[in-house]
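Novice: please work out how this folds:
(2 chains)
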Protein chains: 2
Amino acid sequence: MDIRVDIIGYAAACFTTFSLLPQIIRIRRLKEAKDVSPLMPLMVAAGSLLWIVYGFLITSPPVIASNAVALVIAIVTTVFALKYR
Amino acid sequence: MDIRVDIIGYAAACFTTFSLLPQIIRIRRLKEAKDVSPLMPLMVAAGSLLWIVYGFLITSPPVIASNAVALVIAIVTTVFALKYR
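Specialist: Okay, here's the model as predicted:
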């Protein structure tokens, strides 16, 4: 596999994994999240958890690792969305 | 590969692909999105686009198809977040 192909895959993973960070920062700054749907990060958390299970079943460390990070970010976003709703 | 493993993977993909739908629904209902970071769906859109490129490079129809759906949802969310900011 061409290393440039891998780099595109990792860049894609970075964008989707860290996409909720700007939302966390915005809620922290505004101290308000009533327009934010708590279901949104909750679905990301559920999806990430299932991806982690899938990663273990197919023995894929990249799937496990990236979704473990995404899971933590999604849980923090859910807590913030509920706290400042 | 065990079909139950595949099912877990597809369930994971559904959750993460459709996670922005509750956010679109909420913005439509409240007609307000000032607490929503437009950077969040924009990062999902950029990530999905890169995943689609990656899917073509590794010839993976599931990666291409699921991220094409995610890209459309992310673009709609970005437009809504900017329109009702």
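
Novice: tell me the secondary structure for A:Glu32?
Specialist: Classification of A:Glu32 by DSSP: H, G, I helix; E, B strand; the rest coil places it in coil.

Novice: tell me, how many residues neighbour it?
Specialist: 13 (other Cβ atoms under 10 Å in any protein chain shown). Using the backbone N, CA and C atoms, a C-beta is placed for each residue, glycine as well.

Novice: now do A:Pro62
Specialist: There are 12 residues near A:Pro62, going by other Cβ under 10 Å.

Novice: how about A:Gly9?
Specialist: Neighbours of A:Gly9 using other Cβ under 10 Å come to 20.

Novice: which parts of the helix or strand containing it are buried?
Specialist: Using DSSP states H and E, the element containing A:Gly9 is helix A:3-17. Residues of helix A:3-17 classed as buried under the neighbour-count rule (16 or more other Cβ atoms under 10 Å in any protein chain shown) are A:Ile8, A:Gly9, A:Ala12, A:Ala13, A:Cys14, A:Phe15, A:Thr16, A:Thr17.

Novice: now these in CSV, with distance to chain B and pLDDT?
Specialist: Listed next are the buried residues of helix A:3-17 as CSV, based on distance: Cβ to the nearest Cβ, whole Å; pLDDT from 0 to 100:
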residue, distance to chain B, pLDDT
A:Ile8, 5, 96
A:Gly9, 5, 95
A:Ala12, 4, 97
A:Ala13, 8, 95
A:Cys14, 8, 96
A:Phe15, 3, 97
A:Thr16, 4, 96
A:Thr17, 8, 97
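
Novice: and those as TSV, adding distance to B:Val69?
Specialist: Below are the buried residues of helix A:3-17 laid out as TSV (distance: Cβ to Cβ, whole Å):
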residue	distance to B:Val69
A:Ile8	19
A:Gly9	19
A:Ala12	15
A:Ala13	18
A:Cys14	20
A:Phe15	16
A:Thr16	13
A:Thr17	19
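
Novice: residues making contact with stretch A:43-54?
Specialist: For stretch A:43-54, contacts defined as Cβ atoms under 8 Å, 6 or more residues apart in numbering or on different chains pick out A:20, A:60, A:63-64, A:67-68, A:70-71, A:74-75, A:77-78, B:5, B:8-9, B:11-19, B:22.
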